[in-house]
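Trainee: Pasting a predicted model and its sequence here:
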Amino acid sequence: MTARGIAPAMADYAITRPSPVGLEETEARLREALSNVGFGILTEIDVKATLKKKLDLDVEPYKILGACNPKLASKGLAAEPELGVMLPCNVVVYSHHGTVIVSAMKPTSALRMITNETVCDLAAEAETLITQALDTALGTPEQKTAG
């Protein structure tokens, strides 16, 4: 199954993988794996609950986790104070037609417009760590997009 078959409009800005386990276990594994590579969860948005409350919409489970590596963030902010508008690195866990999906921001793509070499190096390091966390949590290769 391609990433485009899993969720519409996938692009180069995300690392997307299906999970071999259920939603709650996926989230627990993901939180632990991110923690093990230095990321904490600063924010958590339950999109399903929010849409139900605000718009009375029933949608599949969808949670946004705002992940931050303090060491990398502090170095990035010291090099480029406006970098804060791009933080934290969002990681989403959701269900799509019965399949649990994890999709994480790809820092090198998201920060492509920034020319500060230090920030670019930090984005590459963050991406490596996020990919490592997904590998640990899910044990599956990155989904490739078509087109």
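Mentor: Good, I have the coordinates. Numbers count the residues shown, from 1 in each chain.
Trainee: Could you give the backbone dihedrals for Val59?
Mentor: Main-chain dihedrals, Val59, degrees, to the nearest 10: phi -130, psi 170.
Trainee: hang on, it packs against Leu51?
Mentor: Yes. Val59 lies in contact with Leu51 (Cβ atoms under 8 Å); the separation is 5.5 Å. Every C-beta, even on glycine, is put in place using the N, C-alpha and C of the backbone.
Trainee: Which of the helices and strands in the protein ranks last by mean pLDDT?
Mentor: When the helices and strands of the chain are scored by mean pLDDT, DSSP states H and E, helix 3-6 comes last with a mean of 44.
Trainee: What's the local residue count around the closest residue in space to Asp12 that isn't next to it in sequence?
Mentor: The shortest distance from Asp12 to any residue other than its chain neighbours is 5.2 Å, reached at Ser109 (Cβ to Cβ, 6 or more residues apart in numbering). Ser109 has 15 neighbours, counted by other Cβ atoms under 10 Å.
Trainee: quick one: pLDDT of Ser109?
Mentor: Ser109 carries a pLDDT value of 91.
Trainee: who touches the longest helix seen in the chain?
Mentor: Counting by DSSP state H, the longest helix found in the chain is helix 117-138. With Cβ atoms under 8 Å, 6 or more residues apart in numbering as the test, helix 117-138 has contacts from 15, 17-20, 26, 29-30, 32-34, 36-39, 67, 69, 72, 75-76, 79-80, 83, 89, 91, 102, 104-108, 110-111, 114, 142.
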